[in-house]
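>>> Need a 3D model of the following:
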Amino acid sequence: MASQKETVIYVTRDIERALGMQPNSHYHIVSNRTIYGEKTEKLYPGCVTLIDDGSDESAGTGDLMSHPATAELFAKIAQADNAKPYLLIFKNTARIEPIARAHSWTLINPPAATSEKIENKISQVMWLAELERLLPPHRIEFMKNVRWDGKPFILQWAHGHTGGGTLLIDSSQALEDIRAKFPDRRCRVTTYIEGPSFTMNVVVAPEKVLPSAISYQITGLPPFTDSRFATIGNDWGLAAKILSPEDKQHITDMAMEIGARMQKEYWRGLFGIDVIKETATGKIYLIEINARQPASTTFESRLQEARRAKGATGMTTFEAHLAALLGHPLPQPLIEVADGAQIIQRVTKDIRSIASDAIGTLELDGFTAIPYENTDDNSDLLRIQSDHAVMQNHGELNEAGQSIAFCLQQKATKP
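Below you'll find the predicted structure:
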């Protein structure tokens, strides 16, 4: 956490990503002006700066950093504190770093090159070194050399987001169509594994690696998305229910091994892993490393804060993330989480927007609903959060989850 002598400014396109802790005089947020952003600004006056550049689309992090209002905020805080504030973003990229340097801002995220090396599906295999054994059977190929052998497999490009770079190849024709378009593109070919997926957030500091609670990864469910591999949320309650103690320990061991590998890269702060448990064998494989703050961090931290209010001790995931980035020790473990869920309605062919009364209906049912002003296919439209599970089993909504789906289908604006 930031000390009384340190101030951090989190610049982000999506304000929800920065709300892992409450804004205050030493923790400021710069984001787009949205309905949810304005609600947050009213809750924390003087600690939230909202930018409206007049365009129809939300400004990206780089554009927000380049806006005069952001430079004015940095200068104002530097004058008040007699010290320059630190810059924090969701994920560092090669475009972000020159903007920070041009303003002489100290960016505390790990280097973009390190993040790229670890996340890139091609370079990741080499980076894992002996930990490559954690992955399902796989190989790196040029598309023109990939052949159909009668068995479905997963095809991944170097980059993807929320499942967008992941394809299931289940026929020779499907393979030929892609190979004809991208013959010279490198890809990762992986054996298709059937089973539930799980995610874990992990904080890395020089002296320790702190794993958080495991959540079930909600993936590909209609009406929330049209994409089979799109991640649409997390359910901590279902993970606690369906994973055995041995499964949980195995996933934790994987996270600790990868965390130790990241320590050698001088990584600081959060990363996340996604794993899959094969239904047929019960074996658990690593399927993804997210070398950045995972999207589930904010809500996980809120669930931890709620437990702390009831007497639990420890740090929230976001507090530990910020402390590690600032070079502070991590004296306590992360607070355990065993229930709660969030699910995201994405823009689909049938659901292009949500009627204004949907949020009121969901809130009356005890959920938190966070709207987005996105229009691109598969982009976030509405984030729904619950103190309890929304999944009954792998791929199966419980009664609460079904009520959310029903509400969205009834109040959707269709094309």
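
>>> how about the strands in the stretch 201-350 of the chain?
Assigned by DSSP state E, counting those that start in this stretch, the stretch 201-350 of the chain shows strands spanning 209-219, 231-235, 269-277, 284-290, 341-346.

>>> JSON lines for those strands, including mean pLDDT?
Output for these, formatted as JSON lines (pLDDT from 0 to 100):
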{"stretch": "strand 209-219", "mean pLDDT": "97"}
{"stretch": "strand 231-235", "mean pLDDT": "96"}
{"stretch": "strand 269-277", "mean pLDDT": "98"}
{"stretch": "strand 284-290", "mean pLDDT": "96"}
{"stretch": "strand 341-346", "mean pLDDT": "97"}
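
>>> looking at the ones you listed, which is closest to Ile99?
In terms of CB to CB, the element of the strands of the stretch 201-350 of the chain nearest to Ile99 is strand 269-277, at 19.8 Å. In this view, the C-beta of every residue, glycine as well, is placed from N, C-alpha and C.

>>> distance between that closest one and the chain's centre?
10 Å (CA atoms, centre = their mean, to the nearest Å).

>>> what's that strand packed up against?
strand 197-204, helix 245-264, strand 284-290, helix 317-325 (3 or more CB pairs under 8 Å, 6 or more residues apart in numbering; DSSP states H and E).

>>> now for the strands of the stretch 201-350 of the chain, which one comes closest to Thr93?
In terms of CB to CB, the element of the strands of the stretch 201-350 of the chain nearest to Thr93 is strand 284-290, at 13.9 Å.

>>> between the closest one and strand 197-204, how many degrees?
60 degrees (axes from the mean of the first three to the mean of the last three CA atoms, to 10 degrees).

>>> So that it lines up with my notes, have the first residue be 49 from now on.
Understood, numbering begins at 49; the last thing we discussed is strand 332-338.

>>> Strand 332-338 pairs with which strands?
Sheet pairing for strand 332-338, assigned by DSSP bridges, gives strand 317-325 (antiparallel).

>>> give me the low-pLDDT residue ranges for the stretch 199-348 of the chain?
For the stretch 199-348 of the chain, applying pLDDT under 70 flags the ranges 208-212.

>>> what about stretch 231-240, how long is it end to end?
With CA to CA, to the nearest Å as the measure, stretch 231-240 spans 22 Å from end to end.

>>> related to what we said a few turns ago, of the helices and strands packed on strand 317-325, which approaches Lys90 most closely?
Nearest of the helices and strands packed on strand 317-325 (CB to CB): helix 365-373, 21.6 Å.

>>> Can you check the pLDDT for Ile407?
At Ile407, the pLDDT value in this model is 88.

>>> Let me fix that, I meant to ask about Ala460.
On the pLDDT scale, Ala460 is placed at 68.

>>> sorry, back to before: Throw the helices and strands packed on strand 317-325 into CSV and include distance to Val173, thanks.
Converted to CSV, the helices and strands packed on strand 317-325 look like this (distance: least, CB to CB, whole Å):
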stretch, distance to Val173
strand 245-252, 19
helix 293-312, 13
strand 332-338, 11
helix 365-373, 26
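
>>> Output the ones you listed in a markdown table; the columns should cover mean neighbour count and distance to Asn446.
A markdown table is the format used below for the helices and strands packed on strand 317-325 (neighbours: other CB atoms under 10 Å; distance: least, CB to CB, whole Å):
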| stretch | mean neighbour count | distance to Asn446 |
| --- | --- | --- |
| strand 245-252 | 25 | 18 |
| helix 293-312 | 16 | 21 |
| strand 332-338 | 22 | 24 |
| helix 365-373 | 26 | 25 |
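
>>> so which of the ones you listed gets nearest Ile402?
strand 245-252 (25.5 Å).

>>> Just the angle for that closest one relative to strand 257-267, thanks.
Going by the same axes, to 10 degrees, strand 245-252 makes 150 degrees with strand 257-267.

>>> From the contact counts, what lies against strand 245-252?
strand 257-267, helix 293-312, strand 317-325, helix 365-373.

>>> quick one on the thing from earlier: please name whichever of the helices and strands packed on strand 317-325 is nearest to Ala403.
Of the helices and strands packed on strand 317-325, nearest to Ala403 by CB to CB is strand 245-252, at 30.9 Å.

>>> re the thing from before, so for Ile57, which of the helices and strands packed on strand 317-325 sits nearest?
Smallest distance to Ile57 across the helices and strands packed on strand 317-325 (CB to CB): 12.0 Å, for helix 365-373.

>>> and that closest one, how far out from the chain's middle?
So, by CA atoms, centre = their mean, the centroid of helix 365-373 is 15 Å from its chain's centroid.

>>> quick one: the most centrally placed residue in the chain and Ile262, what's the gap?
Geometric centre of the chain, nearest residue: Ala343, 2.2 Å, by CA atoms, centre = their mean. Ala343 is 16 Å from Ile262, where distance means CB to CB, to the nearest Å.

>>> Switch the helices and strands packed on strand 245-252 over to a markdown table; also include distance to Arg227.
Shown next, in a markdown table, are the helices and strands packed on strand 245-252 (distance: least, CB to CB, whole Å):
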| stretch | distance to Arg227 |
| --- | --- |
| strand 257-267 | 26 |
| helix 293-312 | 32 |
| strand 317-325 | 26 |
| helix 365-373 | 41 |
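
>>> Quick one, which of the ones you listed gets closest to Gly443.
strand 257-267 (8.2 Å).

>>> who are the neighbours of the closest one, in terms of helices and strands?
Packed next to strand 257-267, using 3+ CB pairs under 8 Å, 6+ apart, are strand 245-252, strand 279-283, helix 284-290, helix 293-312, helix 345-357, strand 389-394.

>>> Nothing else from me, thank you.
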